[in-house]
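Novice: Just the structure for this:
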Amino acid sequence: MRRHFLAVLGVVLGSLVLSAPASRAAAPVAKQSTQTDVYKVAIDHGVSLADAAESMRLRANALNLKLVAELPLSKQVEAITGQPQRTVTIYQFCDAVLAKDLIDVNLDFAVYMPCRIALIEDAKGQGWLVMMDVNVDAVAKEKRLPQVLKDRVNAVRKSLVDIMQAGAKGEL
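Specialist: Below you'll find the model as predicted:
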């Protein structure tokens, strides 16, 4: 079990570490593929990681996205190794009705759910918010997604960016 957990953690953290840094302007990282990429936002100096997390929770609630899971990966690694770790926490947000509707269209949509935002402290102590940035147009075309669902997915993506912006700025 421990070996499996560490292997999965290594894959998750490795993919996050290897992604290119983004500017403080919260612009998406340059596209590397046609369907998914990474979107990163630096947390403003003066905003603690705890304040960023609380801001994200509050904004998600205001946007009617539910926080369905919080995975404190760094705390789990610290408990296993006994060594202090930089913060890595994965927040999972969900619009349950949209998730159900997408899965009804194609089971493959389950891999995108729930929507994840990672709060990560880099080696220099800088906080980052990171999420998978799905090219909705490419996925919608490939999976034959009706326009009404495509519009709802775009609205959720916009809400996730709003959640990240609120977290980065410590906005309530």
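
Novice: who touches Asp44 in this structure?
Specialist: Listed by Cβ atoms under 8 Å, 6 or more residues apart in numbering, the contact partners of Asp44 are Ala168, Lys169, Gly170. In short, each C-beta sits where N, CA and C put it, glycine included.

Novice: quick one: buried residues of whichever helix or strand Val148 is part of?
Specialist: Element membership of Val148, judged by DSSP states H and E, is helix 147-169. Of the residues in helix 147-169, 149-150, 152-153, 156-157, 159-169 count as buried by neighbour count, 16 or more other Cβ atoms under 10 Å.

Novice: What of stretch 41-57?
Specialist: Per 16+ other Cβ under 10 Å, stretch 41-57 contains these buried residues: Val41, Ala42, Ile43, Val47, Leu49, Asp51, Ala52, Ala53, Ser55, Met56, Arg57.

Novice: Please apply the same query to stretch 90-103.
Specialist: Buried residues in stretch 90-103 (16+ other Cβ under 10 Å): Ile90, Tyr91, Phe93, Cys94, Asp95, Leu98, Ala99, Asp101, Leu102.

Novice: chain center to it, what's the gap?
Specialist: Chain-centre distance of stretch 90-103: 13 Å, with Cα atoms, centre = their mean, to the nearest Å.

Novice: re the thing from before, helices or strands up against the helix holding Val148?
Specialist: Judged by 3 or more Cβ pairs under 8 Å, 6 or more residues apart in numbering; DSSP states H and E, the packing partners of helix 147-169 are strand 36-42, helix 49-62, helix 96-105, strand 115-121, strand 127-134, helix 136-142.
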